[in-house]
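K.L.:
no FASTA, just this:
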């Protein structure tokens, strides 16, 4: 894996990340009372916007989640929350747990608040997260299960099929690679090459934001490099910075992207999705006041397409019964019984 630093020249966008806001007790994410998978909300009690990046993972509540579009949360000194879009990255749990424990929380002691996880989805699963909304959740689950198999993790070792657990179990291996990369002055992002091929670009609108998300972002890219290690061979030998930059410009020029119309985000600014018809590239960006807040583009997933017809648990969870009281077990057989 090779990374090329991306530098920001000129004015920066004004925002802080959700991680910094949590440290200042200026923001928190929580489940709405209805508690279906996609229904989360966030409060910003600071005086500046807060960026929740695309691909940001959070732990807590009834399941670990991922934010599947970038969100710039406006200051709301009134304390009024705004809804945020999310997907599940833990298919086999739908119950509150005691803090710092895997035990189910007794009724009335639930912890609806989430915390930022020090983990980032790798590009192959991020690519799945950018699929059409109707397919996105099943693609994420299928990607996680396929990646568990690649990394030799069984469902006995990871009962709830949690991406956070999958990544945590690779932490020591991943961090050995992280030590080889250093930032440069004014860096705000990276272009990532794996096996000599451009795999992803990620860029932020201010330098402080990049420093906040840097480690987990690199860890996600390293997880991708390990995933692709035995799947691909390097076709080109790149020897200089000029070679790499030419590779970047050639790849983007040849991609022939199509762009969706700008859409108002759940918070401030506009979200633009883009990609190629053949699915080789997909991307998303958030713009506010003519400044870029987050830009992300990724190559097609290295994971096999998974039959998602048996992965429909989420569609059955928002029903008029108390699933906390039901206390269903988080294993494959019981989940199959639940949605059979």
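P.N.:
Right, received. Where do you want to start? Just so you know, these numbers come straight off a predicted model, no measurement behind them.

K.L.:
who's in contact with residue 211?
P.N.:
Neighbour list for residue 211: residue 183 [criterion: Cβ atoms under 8 Å, 6 or more residues apart in numbering]. Using the backbone N, CA and C atoms, a C-beta is placed for each residue, glycine as well.

K.L.:
any idea which element it lies in?
P.N.:
helix 207-228 (DSSP states H and E).

K.L.:
and that helix, average pLDDT?
P.N.:
Averaged over helix 207-228, pLDDT sits at 94.

K.L.:
where do the strands of the stretch 51-200 of the chain begin and end?
P.N.:
Applying DSSP state E, counting those that start in this stretch to the stretch 51-200 of the chain gives strands spanning 56-60, 65-66, 71-73, 82-84, 87-88, 113-120, 187-194, 197-204.

K.L.:
and residue 30, how many residues sit next to it?
P.N.:
By other Cβ atoms under 10 Å, 17 other residues sit near residue 30.

K.L.:
actually residue 282, not the one I typed
P.N.:
23.

K.L.:
you'd agree it is in a strand?
P.N.:
Yes - with DSSP: H, G, I helix; E, B strand; the rest coil as the criterion, residue 282 is part of a strand.

K.L.:
which ones are touching it?
P.N.:
127, 130, 273-276, 297-298, 300.

K.L.:
quick check, nearest of those residues to residue 9?
P.N.:
Nearest to residue 9 among the contacts of residue 282: residue 297, at 20.1 Å, using Cβ to Cβ.

K.L.:
please name the bridge partners of that closest one.
P.N.:
Per DSSP bridges, the residues bridged to residue 297 are residue 201, residue 283.

K.L.:
near it, how many residues? Count them for me, please.
P.N.:
24.

K.L.:
so it sits against residue 280, correct?
P.N.:
No - with contact defined as Cβ atoms under 8 Å, residue 297 does not reach residue 280; the gap is 10.8 Å.

K.L.:
against residue 276, how distant is residue 255?
P.N.:
Plainly put, residue 255 is 5 Å away from residue 276 if you go by Cβ to Cβ, to the nearest Å.

K.L.:
next one: residue 289
P.N.:
Residue 289 is 29 Å from residue 276, where distance means Cβ to Cβ.

K.L.:
if residue 189 is in a bridge, with which residues?
P.N.:
Beta-bridge pairing for residue 189 (DSSP bridges): residue 6, residue 203.

K.L.:
ok, residue 292 - contacts?
P.N.:
Contacts of residue 292 (Cβ under 8 Å, 6+ apart): 13, 203, 205, 285-286.

K.L.:
and what about it, helix, strand or coil?
P.N.:
Under the three-state scheme (three-state DSSP), residue 292 adopts strand.
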